[in-house]
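# no letters, just coordinates:
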């Protein structure tokens, strides 16, 4: 499998950032690492091996990015406002640096990029998808229950006061989203899942 390592100084983050590319051709996919993870974790957790057939066949080309979760959401030494500010820098890094890099690398001027992640990476994927629909796209896919051939109803109830949501929260970006058999609804008082 073709792989490449890339590093550059990010003016958005004022630090060096790393990325690993998997594949020679295919639909570009940004992969966000898990909580406090690094760009090489997706491979280390066996995910590259699990989808190697799609990469080698040129169906997808992965761009595994680094995170700054440790500097924003998990940095409890600073205020919530400062954590959110650092995340906004990461947002600029992804949208103004990574997406143009991917478009140049793949030789597609306006390609919308698929985004993926697990754990905190899934949060990033949803957040970027909702906040930047011009840059990112999603693909409808069946629920895990259907993939595994099981049929069970999944229900989750979570109440979060709206004033505890940070300004860029995915829930502030949409008022009604259906994901598998979960229904997320946001009103001005609570988020119910």
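That came through, no problem. Keep in mind that this is a model prediction, so the values were computed, not measured.
# low-confidence stretches in this protein?
Within the chain, the stretches with pLDDT under 70 are 138-193.
# relative to residue 131, how far out is the residue most central in space within the chain?
Residue closest to the average C-alpha location in the chain (CA atoms, centre = their mean): residue 125, at 2.5 Å. For residue 125, the distance to residue 131 (CB to CB, to the nearest Å) stands at 11 Å. All C-beta atoms are positioned from the backbone trio N, CA, C, and that covers glycine.
# ranges for the helices of this structure?
41-44, 47-50, 52-56, 80-92, 99-106, 120-131, 144-148, 170-173 (DSSP state H).
# so of those, which one's packed in deepest?
Counting by mean count of other CB atoms under 10 Å, helix 120-131 has the highest mean neighbour count of those, with a mean of 20.
# angle of that helix against helix 99-106?
Interaxial angle of helix 120-131 relative to helix 99-106 (axes from the mean of the first three to the mean of the last three CA atoms, to 10 degrees): 90 degrees.
# run through the neighbouring helices and strands of helix 120-131.
Contact partners of helix 120-131 among helices and strands, from 3 or more CB pairs under 8 Å, 6 or more residues apart in numbering; DSSP states H and E: strand 27-32, strand 113-117, strand 136-137, helix 170-173.
# now the ones you listed in JSON lines, with distance to residue 56?
Formatted as JSON lines, these follow (distance: least, CB to CB, whole Å):
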{"stretch": "strand 27-32", "distance to residue 56": "14"}
{"stretch": "strand 113-117", "distance to residue 56": "18"}
{"stretch": "strand 136-137", "distance to residue 56": "23"}
{"stretch": "helix 170-173", "distance to residue 56": "33"}
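# about what we covered before: can I assume the residue nearest to the centre of the chain is in contact with residue 114?
No. The pair residue 125 / residue 114 is not scored as a contact, 9.0 Å apart, by CB atoms under 8 Å.
# joint contacts of those two?
residue 30 (CB atoms under 8 Å, 6 or more residues apart in numbering).
# which among the helices and strands packed on helix 120-131 is found nearest to residue 8?
Closest approach to residue 8 among the helices and strands packed on helix 120-131 (CB to CB): strand 27-32, 15.8 Å.
# list the contacts of that closest one.
42, 47, 59-65, 67, 94, 98, 102-103, 105-106, 108, 111, 113-117, 120-122, 124-125, 128, 136.
# try stretch 2-14
Against stretch 2-14 from outside (CB under 8 Å, 6+ apart): 15-24, 68, 89-90, 92-93, 96-97, 101.
# again with stretch 102-115
Residues outside stretch 102-115 that contact it (CB under 8 Å, 6+ apart): 21, 27-32, 60-61, 63, 99, 124-125, 128-129, 134-139.
# show me which of those residues are buried.
Neighbour counting with 16 or more other CB atoms under 10 Å marks 21, 27-32, 60-61, 63, 99, 124-125, 128-129, 135-136 as buried within the contacts of stretch 102-115.
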